[in-house]
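Student: just coords:
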């Protein structure tokens, strides 16, 4: 879209004002092959310290990215996908463990330097359930306990408590006790004191947030009975006491985790000789239907034998282990639960977004491939013709602002044209002698029109007013045409229904990595898309680098508009709404100079994205129109919004889940899924390159393009949305040109460009 500078006044409203918004596809689908000028922040000056502050357009995407990463890390931590330690120590010697602990009861108290243990009184059973709460089995266990008027102790993990706080609240509300079973269930004998403190405090935080209480009960993971205490687990138990906890192991193991059958679970859980017992069961960690069934039989059978089922402190005749929390600690717990729930919700949304993205990507690729095949077969038939050959002369408009490095190549490429042309170079207030360079070439049929800097739309309208012919070709001042470009570009006008034609813009400076990425984007995204939109008759953009129009069609829609920053998308949509056909001419090739730095690319795509959003908003009324305008509104605009707004804004989810899966697992499946998506893209890219007869070697950089380039396009798109939603304004910024794209037709012959009298070379002031 051209190498044109805009005046500072050329700023536009966000959607909700007069104009609106839609972005360029981060996956390679863009509105046009516009270049040259891009929006960017005003240069900072020492006299204006306010310029040093980070713009909200940059700050918000950064904050959103940081917040998203933090939420993903939180979810990975809560789901034991990071910092989880599944090592289990083998048994060790017991010589450092006091005999009264080894021979004592399952309740061990090491608080305040004590070394004591307690047994549960006879005919009293304390049921304990580990590893929950579980959304499936914990409610069933609670239902059975309530049915038989029994209580129990639930040793919960912080991860499960954080994810299912409502269950912990129910456990406490129904008269049961809860205890700490660590946050992520590691073997604490492997852990440092700092990690142990973290496991305890995070679990307490979750319990407080879920039920508003704090507990003094603790059960270490992978524990069994007191006589199994050894030299590695005993120091942990001692340290746990210094943190204010009573350690509770068991003296009766139901072994329900082995799923031995209901009868065997009941037998294992039954204390001998009327003694009291702390029975180990599980309400999480897998299928616990045998545990629930056994519990439903075990409770009434033992109650009939005179046993009671109390929680631990009731059985010991002690005060409750649960302490209500208030104040700051309570709100910290609630905040933790809120953040965990939010992280899970965000992940759920991301999963839905990934499903939508995958569907859109596959649908877009399938549609592009199918319709591209149809388009290629149609236009490449030997008997295909748009109508009678178009041989009439054409006016070529070249708007130029400070194009001294490029303009000579541009004009000479037009002089090598196989079709008769009149060239009008509209100098839009250049300060680098662009107009003088063209005049000094002394080329026939070339005129220079000078004007005060007014912007590209004004320059094109000025050129249109000076045009001699009815067919108008528009190109950028840093673009070169092949000898056949103009001829191929105007042939579709043999069909009187055609009002505009999109050419095939190609990246001329593709030797750098960033140039190669844009080359892939142009060939795969832009041109495959144009074939698809051609068949669907809803082409959204005539590229500013190479496009042609009927003069009468331009005049009917009011010429080029400066309502948006994407005048080429704007005029194309206006053509559709006026009932004209817009088609794609694949052989009308133009070579353009793409941005060579990330900063220039950012500026260009930011303007493309924001300008396209404005154009879609401006023409949103087409949705309710009748006839061709309504068809474009109900077919073209939704497709453009779907493939150029929704899909690109969601596309990075593929990379987010790639990162998440590689870091948190399952690594192999994640990598294979990403390779599958890449393979689909590579196939489409290879097909696009084959259609355009391009060398496949450039596709070597496709994987890197998908990882890096797409993220840049996504951030640009997000920034454009934020600019639109916050009512921000964009400035025009001229991109630097190098003039590296030469004329494919070679130097113009002396006969064609001879010095002549210059009677055909006029300057219009």
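Tutor: Sure thing, it's come through. Remember, predicted model here, so these are calculated numbers, not experimental data.

Student: pretty sure residue 523 is touching residue 684, no?
Tutor: No. Residue 523 lies out of contact with residue 684 (C-beta atoms under 8 Å); the separation is 10.4 Å. From N, CA and C alone the C-beta is placed, and that goes for glycine too.

Student: Name the nearest residue to residue 640, sequence neighbours excluded.
Tutor: Spatial nearest neighbour of residue 640, excluding adjacent residues (C-beta to C-beta, 6 or more residues apart in numbering): residue 540 at 4.8 Å.

Student: which SS class is the one you found?
Tutor: coil (DSSP: H, G, I helix; E, B strand; the rest coil).

Student: That one touches residue 572, doesn't it?
Tutor: Yes. Assessed by C-beta under 8 Å, residue 540 is found in contact with residue 572 at 6.2 Å.

Student: Distance of the residue of the chain most remote from its centre relative to residue 123?
Tutor: Here the centre of the chain is the reference, and by C-alpha atoms, centre = their mean the most remote residue is residue 273, at 64.3 Å. Distance, residue 273 to residue 123, using C-beta to C-beta, to the nearest Å: 10 Å.

Student: go on, residue 297?
Tutor: 19 Å.

Student: which SSE is the residue farthest from the centre of the chain in?
Tutor: For residue 273, there is no host helix or strand (DSSP states H and E).

Student: Give me the phi and psi for it.
Tutor: The phi and psi values for residue 273, taken as degrees, to the nearest 10, are phi 70, psi 30.

Student: can you give me how far the strand ranked longest in the chain is from the chain middle?
Tutor: When the chain is parsed with DSSP state E, its longest strand is strand 581-592. Chain-centre distance of strand 581-592: 31 Å, with C-alpha atoms, centre = their mean, to the nearest Å.

Student: Which strands and helices lie in contact with whichever helix or strand comes after that strand?
Tutor: Toward the C-terminus, strand 581-592 is succeeded by helix 598-618 as the next helix or strand (DSSP H and E). If you count contacts as 3 or more C-beta pairs under 8 Å, 6 or more residues apart in numbering; DSSP states H and E, helix 598-618 packs onto strand 37-40, helix 513-520, helix 567-577, helix 637-641, helix 710-725.

Student: What is the subsequent helix or strand relative to the fourth one?
Tutor: Secondary structure here is assigned by DSSP H and E; on that basis, the next helix or strand after helix 637-641 toward the C-terminus is helix 647-650.

Student: Report the mean confidence score over that following helix.
Tutor: Per-residue pLDDT over helix 647-650 has a mean of 72.

Student: For it, name the packing helices and strands.
Tutor: So helix 647-650, by 3+ C-beta pairs under 8 Å, 6+ apart, packs with helix 327-379, helix 710-725.

Student: Could you check the angle whichever strand or helix holds residue 529 makes with helix 567-577?
Tutor: When elements are assigned from DSSP H and E, residue 529 belongs to helix 528-536. Angle, helix 528-536 to helix 567-577, by axes from the mean of the first three to the mean of the last three C-alpha atoms, to 10 degrees: 10 degrees.

Student: what does the average pLDDT come to for helix 528-536?
Tutor: 90.

Student: so the next helix or strand after it versus strand 581-592, what angle?
Tutor: Counting by DSSP H and E, the next helix or strand C-terminal to helix 528-536 is strand 546-550. Taking the same axes, to 10 degrees, one finds strand 546-550 and strand 581-592 inclined to each other by 140 degrees.

Student: Against which helices or strands is strand 546-550 packed?
Tutor: For strand 546-550, the packing partners by 3+ C-beta pairs under 8 Å, 6+ apart are strand 471-475, helix 485-490, strand 498-507, helix 567-577, strand 581-592.

Student: Format the ones you listed as TSV; extra columns: mean pLDDT.
Tutor: Listed next are the helices and strands packed on strand 546-550 as TSV, based on pLDDT from 0 to 100:
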stretch	mean pLDDT
strand 471-475	96
helix 485-490	96
strand 498-507	94
helix 567-577	93
strand 581-592	93
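
Student: Present the ones you listed as JSON lines; the columns should include distance to residue 175.
Tutor: Formatted as JSON lines, these follow (distance: least, C-beta to C-beta, whole Å):
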{"stretch": "strand 471-475", "distance to residue 175": "80"}
{"stretch": "helix 485-490", "distance to residue 175": "83"}
{"stretch": "strand 498-507", "distance to residue 175": "72"}
{"stretch": "helix 567-577", "distance to residue 175": "67"}
{"stretch": "strand 581-592", "distance to residue 175": "74"}
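
Student: Relative to residue 607, which of these is closest?
Tutor: With C-beta to C-beta, the closest approach to residue 607 among those belongs to helix 567-577: 11.0 Å.

Student: residues of the helix holding residue 529 that come out buried?
Tutor: Within helix 528-536, the residues scored as buried using 16 or more other C-beta atoms under 10 Å are 528-535.

Student: Can you pull out the low-pLDDT segments for this structure?
Tutor: Across the chain, the ranges flagged by pLDDT under 70 are 1-58, 60-61, 81-84, 651, 665, 719, 721-765.

Student: Apply 50 and report the result again.
Tutor: Residues of the chain meeting the criterion pLDDT under 50: 1-51, 731-733, 743-765.

Student: give me phi/psi at the residue nearest to residue 640?
Tutor: Main-chain dihedrals, residue 540, degrees, to the nearest 10: phi -80, psi -20.

Student: Ok, residue 123 next?
Tutor: Backbone geometry at residue 123, expressed as degrees, to the nearest 10, gives phi 60, psi 30.

Student: list the contacts for it?
Tutor: Counting by C-beta atoms under 8 Å, 6 or more residues apart in numbering, residue 123 touches 274, 276, 306-308.

Student: Could you rerun that using 10 Å?
Tutor: Residues near residue 123 by C-beta atoms under 10 Å, 6 or more residues apart in numbering: 271, 274-277, 302, 305-308.

Student: just checking, residue 103 touches residue 226?
Tutor: Yes. Counting by C-beta atoms under 10 Å, residue 103 touches residue 226, with 7.9 Å between them.

Student: Please identify which of these two sits among more neighbours.
Tutor: Comparing residue 103 with residue 226 by neighbour count (other C-beta atoms under 10 Å), the higher total belongs to residue 226, at 23 against 10.

Student: who's in contact with that one?
Tutor: Counting by C-beta under 10 Å, 6+ apart, residue 226 makes contact with 97, 100-108, 117, 119, 237, 247, 249-251.

Student: Out of those residues, list just those in helices.
Tutor: Taking DSSP state H, the ones among these that sit in helices are 100-102, 237.

Student: who wins for most neighbours among those residues?
Tutor: residue 237 (23 neighbours).

Student: Quick check: the gap between that residue and residue 97.
Tutor: For residue 237, the distance to residue 97 (C-beta to C-beta) stands at 9 Å.

Student: that older thread, among the buried residues of helix 528-536, which one lies nearest to residue 366?
Tutor: So of the buried residues of helix 528-536, ranked by how close each gets to residue 366 (C-beta to C-beta), first place is residue 532, at 10.4 Å.

Student: Near the residue lying closest to the closest one once chain neighbours are set aside, how many other residues are there?
Tutor: In space, and not counting its chain neighbours, residue 532 is closest to residue 371: 4.3 Å by C-beta to C-beta, 6+ apart. Residue 371: 18 surrounding residues under other C-beta under 10 Å.
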